[in-house]
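>>> Attaching a predicted model along with its sequence, questions to come.
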Amino acid sequence: MADCVNFAAQVNHMLAGLQDLTFEFGARTIVDEATWHIHPGDRVGLIGYNGTGKSTLLKLLAGEYQPSKGTVERSRSTTIGYLHQDLLSFDTDESILQVAMGAFERVLFIQKEIERIGTELEKGEDEKKLIQYTDLLHEMDVLDGYNIDHKTEDVLHGLGFSQADLSRPYKEFSGGWRMRVLLAKMILMQPDLLMLDEPTNHLDLPSIEWLEKYLIHYQGAVVIVSHDKFFLDRMVNKIVELYQRKLHIYSGNYTFYEKEKLVRLDLQQRAFENQQDFIRQQERFIERFKAKASKAAQAQSVQKRLDKIERVEEASIERPNIRMNFNVDKIPGKIICTLKNVSKYFGPIEITNLADGEIERGDKIALIGANGKGKSTLLRIIGGRETFDGDRVWGHNVEESFYAQHQLESLHLDYNVLEELQTAGSKKTDMELRTVLGCFLFSGDDVDKKIRVLSGGEKARVALAKTIISKSNFLMLDEPTNHLDMHSVDLLAEALDKYEGSLILVSHDRYFISKTANKIWEIVDGKIVEFKGGYTEWVEWKERMASKEQGITAKADKPGEKGGTGDKGRGTGDEGQETRDKGRGTRDEGQETRDKGRGTRDEGQGTRDEKLLPEREEQGTPIDKEKQKEKKRIQRLFEEAEAKIVKLKAEKAEVENKLADPSIYCNQQQFSETEKKYQQIQTELKKIESEYEKLFEKLMQLD
């Protein structure tokens, strides 16, 4: 059987996997008889509650741990990249550009060899060295070695580093930024299997969006441990859940997993109930006839059969439930906090400049923006933990509580857990504090643990417990979801939604923001820009504004049109845009040249400025009809491609289920036919998805 599986793995190009694997830490079993195969193109989200062993599984795949039983299978040619927290121990005086370029080890070696042999050839001709020199130049060209600087800079920029940062020493950066450098290096190495342990914990929203776009087109397989539902929904095509020491595989994204898990639990519950009915029936038979001589042998036979039945467990979800309930002691006035002419600079870097803002009772504000824009700084200014110029005025009866992004900032390392809660000034007795800690999964001797020995997740729970018992009516939360699993994030979002006080938070978790915020603050050009609405509405509004901006720019760009500078007071657009000529608008770099005399019009666009396009107003109707006709044709093709993709994905999932059955590997003919069908579906799906993307781009151009 093992030979069949190994044969199948080689034919099917399996990159890595677990086969009947069991792993134990002392007396504790982390995973029991798990089988999981990772193939090229897989985008896997590895999920599970805190402490179940997700990171341990990655270490097993990477070869850092050895299994107690079973095997970890890896192809000899498979390269693995593994990003994890332990990498933070790495330190160097090199610049971050040099660290990231370490991904191109072979290219850097070839560069040195070319330089060395070139110097030797200058001294005298040598045919053997000349051939070696030519071969190295060819290999350099094949490896695209002349573009490694450009590639590295692109990735580092995408992860939030400025051009000036690239020459700064790696050791100058904090832990979060160091992880970004190492992530950049990992991405540039382009391993066959890329394993990322909580990559979004160290990224802001723009960097997460950049990483999503990059990984979607990544050629190898990706395994991600993340508690960010939005990230998993966009990134993965398979979910592997570590639950009750078993691996449960779902062929879809996180939303699919949530629905499918309920279906599986329902089926399991029905199977359990049917089996229980059968067992009760058999037990009644045994009880009735075991004492009768004529039926005793039959009753014993039924008992033996019953003893051998593999019992179906009752369907239930076992999960550690943190019980959160934010209470308010006093009702504050209408205004919680007012900021007037707030200015903050770090050397030449401007955070805010004469910024104004007002937080009202009932506001639940999310601070949005890229790293370096000053979200956490503004939060500390509001909380009185940062010096600044200007005024910050508290409202009446405001009692605030601050949750720090890095728990080490606010926790006393030499205190134990109980002593730490005593510092919150809640006036609760030790017994009451122990009850609160029990709600946060600290029980018995756990409350005597020193803060310094706690894990990141445990420190986060202590800090949350301190925030809850304060009974504050105004909360300031800096990255409260870091180190919490998805279930705990759900519970926190639910508790904050019910919270009767006001809050302002910074978070990279879009799902969490969408569940908690009713207002958005964004720092733009040193000012606080407020949006009255939730995160989803804000995203839609930003997209509408971006489309409108592009539409105005497109109209201003058309040759022969007058007055194309757009509305008065409009900005110059993104950095890198070309300088406006008189009477002409800006053009995004790389924008495709429009057809002469033709253009697009946004749906639902209001009345145009007569000065902007006087000639087009009179003759716009025929062009509009032609555009609408083309748009309908593209829309029809787009919908057809979408339907084909859905159908092919369903067929792919069906074939994957067949390939997941170990028995198929012992029938070489059946396996070959199934594998051939799988490859055909993959090829066709890739082709249709490429067409789908092109049609989508055309639709965007026509909108």
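Arrived safely, thanks for sending. Numbers count the residues shown, from 1 in each chain.
>>> Spatially central residue in this protein, please.
The centroid of the chain falls nearest to Phe231 when counting by CA atoms, centre = their mean (3.3 Å).
>>> which residue packs closest to it, ignoring adjacent ones?
Thr200 (5.5 Å; CB to CB, 6 or more residues apart in numbering). Yep, even glycine has a C-beta here, placed from its N, CA and C like the rest.
>>> quick revisit: wait, a strand at the residue nearest to the centre of the chain?
No - applying DSSP: H, G, I helix; E, B strand; the rest coil, one finds Phe231 to be helix, outside a strand.
>>> Relative to the whole chain's centre, how far out is the strand or helix carrying Asp32?
Using DSSP states H and E, Asp32 sits in strand 28-38. Relative to its parent chain, strand 28-38 has a centroid offset of 24 Å by CA atoms, centre = their mean, to the nearest Å.
>>> got it, and stretch 107-117?
38 Å.
>>> What are the contacting residues of it?
101-102, 129, 132-133, 136-137, 139-140, 143, 145, 148 (CB atoms under 8 Å, 6 or more residues apart in numbering).
>>> and what of stretch 141-155?
Contacts of stretch 141-155 (CB under 8 Å, 6+ apart): 97, 100-101, 103-104, 106-107, 110-111, 139-140, 163, 166, 184, 187-188, 214.
>>> ChimeraX command to pick out the buried ones of those?
Of the contacts of stretch 141-155, the buried ones can be selected in ChimeraX as follows, counting by 16 or more other CB atoms under 10 Å:
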select :97,100,101,103,104,107,110,111,140,166,184,187,188
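>>> What residues of the helix or strand hosting Leu379 count as buried?
Counting by DSSP H and E, the element that carries Leu379 is helix 375-382. By neighbour count on 16+ other CB under 10 Å, the buried set for helix 375-382 is 375-382.
>>> Stretch 366-374: end-to-end distance?
End-to-end distance for stretch 366-374, by CA to CA, to the nearest Å: 13 Å.
>>> That one - what's its average pLDDT?
The average pLDDT within stretch 366-374 is 76.
>>> What's the local residue count around Glu549?
15 (other CB atoms under 10 Å).
>>> That one: helix or strand, and which one exactly?
Assigned by DSSP H and E, Glu549 belongs to helix 535-557.
>>> need the next SSE after that helix, C-terminal direction.
Next along the chain after helix 535-557, taking DSSP H and E as the criterion, comes helix 614-659.
>>> report the angle between the axes of that next one and strand 28-38?
120 degrees (axes from the mean of the first three to the mean of the last three CA atoms, to 10 degrees).
>>> Does anything pack onto helix 614-659? Which helices or strands?
helix 668-702 (3 or more CB pairs under 8 Å, 6 or more residues apart in numbering; DSSP states H and E).
>>> Buried residues, the helix it packs on. List them.
So helix 668-702, judged by 16+ other CB under 10 Å, has buried residues 671, 674-675, 677-678, 681-682, 685, 688, 691-692, 695, 698, 702.
>>> and the angle for that helix with helix 535-557?
60 degrees.
>>> What's the mean pLDDT across helix 668-702?
79.
>>> Report the distance from that helix to the chain centre.
25 Å.
>>> rewinding a little: what's near enough to touch the residue nearest to the centre of the chain?
By CB under 8 Å, 6+ apart, the neighbours of Phe231 are 200, 208, 212, 224, 510.
>>> and which of these is nearest Lys59?
Ile224 (15.3 Å; CB to CB).
>>> just checking, that closest one is part of a strand?
Yes - assigned with three-state DSSP, Ile224 falls within a strand.
>>> is it true that it touches Asp233?
No - between Ile224 and Asp233 there is no contact under CB atoms under 8 Å: 11.7 Å.
>>> Between these two, point out the one with more neighbours.
Comparing Ile224 with Asp233 by neighbour count (other CB under 10 Å), the higher total belongs to Ile224, at 24 against 18.
>>> The more buried one bridge partners, please.
Gly45, Leu196 (DSSP bridges).
>>> who touches stretch 681-690?
41, 641, 644-645, 648-649, 651-652, 655.
>>> the domain parsing of the chain - what is it?
For the chain, the structural domains run 113-142, 257-308, 335-532, 620-703, going by automatic domain parsing.
>>> Tell me which of the ones you listed is the most buried.
domain 335-532 (a mean of 18; mean count of other CB atoms under 10 Å).
>>> Any idea how far that one is from the middle of the chain?
22 Å.
>>> Let me know the pLDDT of Arg633.
84.
>>> Can you give me the distance of it to Glu640?
Per CB to CB, to the nearest Å, Arg633 is found 11 Å from Glu640.
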